[in-house]
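**Student:** Below is the sequence, then the predicted model.
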Amino acid sequence: MKKLEFIKFAMLILVTLTLSACSIGQGENNTDKEEPGEVIVDSGNETNEGEGELISVEKVEKYEGMEITDWIDEHTVVLAKENQELEKMSLLENAEFYPRSLYTYNLDTKEFKTIKAQKNMFLGGATLSPDKKHLLYYENSIGDIAFYQMSLEEGKQTPVTEDIIGSVYTAEWTDENNIIGASYAGGAVMADKEGNVTQIAELQEEQLFNAHKRQEKIYYITTENPSFQVYKMDLKTKEKKKLPLENAERITLSPDGNQLLVTQITGNTKRLIIADTDGNIQSTIAEGSDVTGASWSPNQQMIVYQSNSVINGEEVSGLYLFEVTSDESIQIVQDIGNVKTKWSPSGKKISVTELDERIYNSSIISIK
């Protein structure tokens, strides 16, 4: 029970941040372009992040009040933002918040198209299926979040969870047809596009922090005995293997499924590492007081991440690109906090969403 309460507490923090992000008005066309000369590109070794200019930044475009979560193509993104066309949230005691709705946004024409809007509901976390035909997103008003998926072509939605299983607090696409999520009730569940939900029996008694699937393998972090330990389970043999990755906060599978990008807590710091699927560390990318937003490029040659570190007694933060073959990083943006990142299909653009005090702000970085 204590582990379940911990998970709900963690998700309460997530929801609180989401609600806080909605409390300041968000203009629909409030974008600000920076010229390439205004982008900070640091190829020196002041922050011990490697030497040599690996890439160049072409431009940075800012999108205030928007949470960019995915790419339909190189010119169109999926985002969530405050919807001031709806009434404020009447379900909250202090109705200061507008609902958040989901949109597509054309980066060239600046045109919004509503995907889903619902009164008294915060929508967010929208990600596309690999074939770009379905959308996975969460809804929240009061209490726990619930995940849903809908067809972008038909505009129909299907719940990913059922009452007999209990809602999931994490969910992600495993392929074009299936979703995996970690359940409040324990274990992990799988769901298809039709909303058919199956609990993974072998994990039913375990409390998971998150779960990921590629082919016939499931990688997950457990919150109990020991806490935040990474495991791998083979769905064919049902064998579970404890990987030598402790105090793990986050796992991201590489595009080909053969490597793990892992954020670990190491005392008062965090570090970002690459490991193989057996948990053997292949490279340490960064270590600092915080590391967030790490994600693979589509061709698996680069990794973007945000890092905070203390240099000469001062806190230094930045966004970095790590080049896998050279094993070097370059800083591309200074003074940026906790972020989420998403690469465009071509790998030439990166969306970066930062929670700045009480509001989500996004940027799109074009690289060459």
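**Tutor:** Received the coordinates, thanks.

**Student:** Between the two ends of stretch 178-190, how far is it?
**Tutor:** Stretch 178-190 has an end-to-end distance of 7 Å (Cα to Cα, to the nearest Å).

**Student:** and it, how far from the chain's centre?
**Tutor:** A distance of 17 Å separates the centroid of the chain from that of stretch 178-190, by Cα atoms, centre = their mean, to the nearest Å.

**Student:** again, but for stretch 129-148
**Tutor:** Remark: stretch 129-148 is offset 13 Å from the chain centroid, using Cα atoms, centre = their mean.

**Student:** mind listing the strands for the stretch 51-200 of the chain?
**Tutor:** 57-64, 66-73, 76-82, 100-106, 112-116, 122-128, 134-140, 146-151, 157-159, 168-173, 178-183, 188-192, 197-199 (DSSP state E, counting those that start in this stretch).

**Student:** Which strands border the second one, and is each parallel or antiparallel?
**Tutor:** The sheet places strand 66-73 alongside strand 76-82 (antiparallel), with pairing taken from DSSP bridges.

**Student:** Report the angle between the strand it pairs with and strand 122-128.
**Tutor:** Counting by axes from the mean of the first three to the mean of the last three Cα atoms, to 10 degrees, strand 76-82 lies at 170 degrees to strand 122-128.

**Student:** and for strand 76-82, what are the contacting residues?
**Tutor:** Contacts with strand 76-82, where a contact means Cβ atoms under 8 Å, 6 or more residues apart in numbering, come from 22, 25-26, 28, 63, 65-72, 97-107, 115, 123-128, 135, 351, 360, 362, 364. Any C-beta I mention is one placed from the backbone N, CA and C, and that applies to glycine too.

**Student:** From those, keep the buried residues only.
**Tutor:** Buried subset of the contacts of strand 76-82 (neighbour count, 16 or more other Cβ atoms under 10 Å): 22, 26, 28, 63, 65-72, 97-105, 107, 115, 123-128, 135, 351, 360, 362, 364.

**Student:** so S309 sits in a strand?
**Tutor:** Yes - counting by DSSP: H, G, I helix; E, B strand; the rest coil, one finds S309 located in a strand.

**Student:** per-residue confidence for the nearest residue to it once chain neighbours are set aside?
**Tutor:** Nearest non-adjacent residue to S309, counting by Cβ to Cβ, 6 or more residues apart in numbering: G288, 3.6 Å away. Looking at G288, its pLDDT stands at 92.

**Student:** again, but for the one 3 residues further on
**Tutor:** The predicted local confidence for V291 comes out at a pLDDT of 95.

**Student:** Check whether it really touches R271, as I assumed.
**Tutor:** Yes - applying Cβ atoms under 8 Å, one finds V291 in contact with R271, separated by 6.8 Å.

**Student:** hey, what's in contact with both of these two?
**Tutor:** With Cβ under 8 Å, 6+ apart, V291 and R271 have common neighbours T263.

**Student:** who's more crowded, these two?
**Tutor:** Legend: neighbour count by other Cβ atoms under 10 Å for V291 and R271, higher for V291 (26 against 18).

**Student:** my guess is A275 contacts I285, does it?
**Tutor:** No - A275 is beyond contact range of I285, at 11.1 Å (criterion: Cβ under 8 Å).

**Student:** The two - which one has more neighbours?
**Tutor:** Legend: neighbour count by other Cβ under 10 Å for A275 and I285, higher for I285 (24 against 21).

**Student:** give me the element the residue nearest to that one when sequence neighbours are not counted is part of.
**Tutor:** Excluding its sequence neighbours, the residue lying closest to I285 (Cβ to Cβ, 6+ apart) is L272, at 4.4 Å. Assigned by DSSP states H and E, L272 falls within strand 269-276.

**Student:** which strands and helices sit next to that strand?
**Tutor:** strand 259-266, strand 281-288, strand 290-296, strand 302-311 (3 or more Cβ pairs under 8 Å, 6 or more residues apart in numbering; DSSP states H and E).
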